[in-house]
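A.B. asks: let's see this in three dimensions:
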Amino acid sequence: MSFIKDLKILYHLALRPVRGADHAQRMESFYSGQAEGYDDFRKRLLLGREEVYKKLGEDHPGEPSPDSSPSVWVDFGGGTGSNLEGIGPNISKFQSVYVVDLASSLLKIVDKRAEKNGWSNVKAVTADATTWTPPEGYADVVTFSYSLTMIPDWFGAIENAKRILKPGGKIGVIDFYVSRKHPAEKLTKHAWSTRSFWPVWFSSDNVFPSPDHVPFLQRHFQTILLDERRSKVPYLPLIRAPYYQFIGTKV
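C.D. replies: The predicted structure follows:
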């Protein structure tokens, strides 16, 4: 990706005003001018996605459940559908894979990607993650990749994910975050500077790293994987943004 294209993305990230009367309009305002270059830039910023999606695809049994119901994957805030490439060949295990987002300009890329990869089971859906239910009425896997921080009612989105998941179904989340001032035992503790800087840095883009994501997820799901890491920020080599990977199961 050329430097000029990177500058365009950086302009939309840092300088272009985000307008809209509601969340859907603000999302479309933010993404409409950067949809085509969205994936290349964020591949360098939004780390940890491929590992989680690959693991969830590998862990799925691949055969019909005891009630013979088809397998369903829901990717909430899935944008252009690039997350699905991390699943690899195991995407064919699922009868339906739904990419759900409010930014219609990003969802247009989903259709192109599905056609290119031969994913006849992938469908783009313009809908709200806090309320949407798959046509099947359930999901075997639900994922959020750097989308919870952009959903104002993020706790409602997690509760909706739990509602539609089958018992034993799995949730995967990757996102930016900051720790609580006094995190639970074994969780990473960030310095005051980290906890103060990143919420301000991201807020202009309506991205809100939270100290409560991880505790809320652990309260609602049995933890299978939790990894707390940091990622490089393009063109800012000395800065590392904290992010986490979480996989849990609905008991």
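A.B. asks: what kind of secondary structure is N160 in?
C.D. replies: Under the three-state scheme (DSSP: H, G, I helix; E, B strand; the rest coil), N160 adopts helix.
A.B. asks: okay, it and T131: tell me how far apart.
C.D. replies: 6 Å (C-beta to C-beta, to the nearest Å). From N, CA and C alone the C-beta is placed, and that goes for glycine too.
A.B. asks: which one of the two has more residues nearby?
C.D. replies: Neighbours around N160 and T131, counted as other C-beta atoms under 10 Å, are more numerous at N160. The numbers are 20 against 11.
A.B. asks: and the more buried one, what does it touch?
C.D. replies: By C-beta atoms under 8 Å, 6 or more residues apart in numbering, the contact set of N160 is 129-132.
A.B. asks: from those, pick the one nearest R240.
C.D. replies: When these are ranked by distance to R240 (C-beta to C-beta), A129 comes first, at 27.9 Å.
A.B. asks: can you check what pLDDT the model gives that closest one?
C.D. replies: With respect to pLDDT, A129 scores 97.
A.B. asks: just give the nearest non-adjacent residue to K55, would you?
C.D. replies: Computed as C-beta to C-beta, 6 or more residues apart in numbering, the closest residue to K55 that is not its neighbour in sequence is I247, at 6.7 Å.
A.B. asks: my bad, should have said E50
C.D. replies: G86 (3.8 Å).
A.B. asks: list the beta-bridge partners for the residue nearest in space to the middle of the chain.
C.D. replies: Central residue of the chain (C-alpha atoms, centre = their mean): S145, 1.5 Å from the mean position. Taking DSSP bridges, one obtains I174 as the residues bridged to S145.
A.B. asks: what residues does it make contact with?
C.D. replies: 46, 49, 52-53, 75, 77-78, 83, 172-175.
A.B. asks: for burial, what's the neighbour tally of R113?
C.D. replies: By the other C-beta under 10 Å criterion, the neighbourhood of R113 contains 19 residues.
A.B. asks: adding neighbour count, pLDDT and secondary structure, write the contacts of S145 out as TSV.
C.D. replies: Formatted as TSV, the contacts of S145 follow (neighbours: other C-beta atoms under 10 Å; pLDDT from 0 to 100; DSSP: H, G, I helix; E, B strand; the rest coil):
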residue	neighbour count	pLDDT	secondary structure
L46	20	83	coil
R49	21	92	helix
V52	22	97	helix
Y53	25	97	helix
D75	28	98	strand
G77	25	95	coil
G78	27	94	coil
N83	25	94	helix
G172	26	98	strand
V173	26	98	strand
I174	26	98	strand
D175	24	97	strand
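A.B. asks: just to check, the residue nearest to E50 is in contact with K55?
C.D. replies: No. At 9.2 Å, G86 does not count as touching K55 under the criterion of C-beta atoms under 8 Å.
A.B. asks: what segments of this structure are strands?
C.D. replies: Secondary structure of the chain (DSSP state E): strands at 72-76, 96-101, 122-126, 139-145, 165-176, 222-233, 236-249.
A.B. asks: of these, which is nearest N206?
C.D. replies: Using C-beta to C-beta, the strands of the chain put strand 165-176 closest to N206, at 12.7 Å.
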